[in-house]
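1. All I have is the shape, not the residue letters:
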């Protein structure tokens, strides 16, 4: 018997199914979804449009020299439903570049296009904190992208950076003050971009190594192919993802559910990771490792499914090399005491 079920958020549901728009994947029985509240605003966004092969061939962009960090962020967006198994609710990764032509905004939008129309799925720093939380909570397990993150003032940036990684909005009283309002919750990587160094802007407010280890930032250099061809390449690719979207993500989720769900996929890949890359990560780098394994697992599965056309392992190795530099910098900044 078909069931009519109301949904307030997308992504993973209690029965192990996954909702994308009005498409419920992996339900135990035939289900007719009815969207409630804010979720209704995303119904036309989380749909499919265009041609899958066109979208897949466009992912060759990430084989360009200089697109290693951008490709990693793209993989994180693609693998967002795996975050549920990573052991912490969210992960912040920032693409930083002072100059245009690095492809960071295009990367953020491209990642969103796996799930739907990036023009509605993207977030902006002009939104109020409440709107941010509702956006993240409603999308729940899709990759999130926030453009120009460091245009926030420093106090707001610090509060935002730390709170969004908790995966739940701060508890607030209801309008009548009769009780607490239902808090929005999410479990997904959050990709951001900026024209200024996020670490530098946070400055002395990043007071502990534990906090620094939760924020992964990449300095994305200008990419010759993108910069030398001016705005033409960016416009062409942006038009492509405006006309072809929402096609790859559902295939990945279907495969994920067939393999037993996010934990069944993530856990063995997490266990094999150190040996595959001959790279050991200590306990204090668990946030780094969780993010990297989500991206690695996404690369592995999307490649097997024929949904990406670039060497994802090259991007993982570039990030591991970056982790070594971060370790060296932290070691150099430790003050000796007598």
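-> Ah, there it is. Keep in mind it's a predicted model, so treat the numbers as computed, not measured.

2. Just to be sure, residue 99 is in a strand?
-> No. Per DSSP: H, G, I helix; E, B strand; the rest coil, residue 99 lies outside any strand segment and is coil.

3. Do I have it right that it meets residue 219?
-> No. The criterion here is C-beta atoms under 8 Å, and residue 99 misses it with residue 219 at 10.9 Å. From N, CA and C alone the C-beta is placed, and that goes for glycine too.

4. the more surrounded of these two?
-> More crowded of residue 99 and residue 219, by other C-beta atoms under 10 Å: residue 219, with 13 against 10.

5. how near is the more buried one to residue 93?
-> Residue 219 sits at a distance of 13 Å from residue 93 (criterion: C-beta to C-beta, to the nearest Å).

6. Ok, residue 102 next?
-> Distance, residue 102 to residue 93, by C-beta to C-beta: 15 Å.

7. Kindly report the same for residue 266.
-> From residue 266 to residue 93 the distance is 18 Å (C-beta to C-beta).

8. and if you look at residue 137?
-> According to C-beta to C-beta, residue 137 stands 20 Å off from residue 93.

9. Tell me where this structure has strands.
-> Here the chain has its strands, by DSSP state E, at 3-7, 11-12, 18-20, 23-25, 31-35, 90-96, 123-124, 144-147, 188-194, 215-219.

10. now for the second one, which elements pack on it?
-> When contacts are defined as 3 or more C-beta pairs under 8 Å, 6 or more residues apart in numbering; DSSP states H and E, strand 11-12 sits against strand 18-20.

11. what about the strand it packs on, average pLDDT?
-> Mean pLDDT, strand 18-20: 96.

12. What pairs with it, parallel or antiparallel?
-> strand 11-12 (antiparallel), strand 23-25 (antiparallel) (DSSP bridges).

13. Determine how far it lies from the middle of the whole chain.
-> Once both centres are worked out by C-alpha atoms, centre = their mean, to the nearest Å, strand 18-20 turns out to sit 17 Å from its chain's centre.

14. about what we covered before: got the strands paired with strand 18-20 as CSV, with mean neighbour count, mean pLDDT and distance to residue 128 columns?
-> Converted to CSV, the strands paired with strand 18-20 look like this (neighbours: other C-beta atoms under 10 Å; pLDDT from 0 to 100; distance: least, C-beta to C-beta, whole Å):
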stretch, mean neighbour count, mean pLDDT, distance to residue 128
strand 11-12, 22, 96, 23
strand 23-25, 17, 94, 30
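
15. Which among these is found nearest to residue 250?
-> Between residue 250 and those, the shortest gap by C-beta to C-beta is with strand 23-25, which sits at 6.4 Å.

16. Ok, which of the strands of the chain comes nearest residue 75?
-> Closest approach to residue 75 among the strands of the chain (C-beta to C-beta): strand 188-194, 9.5 Å.

17. Quick one: residues in contact with that closest one.
-> Residues outside strand 188-194 that contact it (C-beta atoms under 8 Å, 6 or more residues apart in numbering): 11, 73, 76-77, 79-80, 83, 90-97, 104-105, 107-108, 111, 136, 139-151, 164-165, 198, 291, 294.

18. Type out the ChimeraX command that picks the buried ones from those residues.
-> Of these, the buried ones can be selected in ChimeraX as follows, counting by 16 or more other C-beta atoms under 10 Å:
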select :11,73,76,77,79,80,83,90,91,92,93,94,95,96,97,104,105,107,108,111,136,139,140,141,142,143,144,145,146,147,148,149,150,164,165,198,291,294
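
19. quick one: low-confidence parts of the stretch 201-338 of the chain?
-> Applying pLDDT under 70 to the stretch 201-338 of the chain flags the ranges 204-213, 227-231, 331-338.

20. Now do the helices in it.
-> 209-212, 224-228, 230-243, 248-258, 262-277, 286-304, 312-332 (DSSP state H, counting those that start in this stretch).

21. which outside residues touch the longest one?
-> Applying C-beta under 8 Å, 6+ apart, the set of residues contacting helix 312-332 from outside is 62, 68-69, 71-72, 75, 209, 212, 218, 277, 279, 281, 285, 288, 292, 295-296, 298-300, 302-303.

22. how distant is that helix from the center of its chain?
-> With C-alpha atoms, centre = their mean as the basis, helix 312-332 stands 19 Å off its chain's centre.

23. That helix to helix 262-277, inter-axis angle?
-> Here helix 312-332 runs at an angle of 70 degrees relative to helix 262-277 (axes from the mean of the first three to the mean of the last three C-alpha atoms, to 10 degrees).
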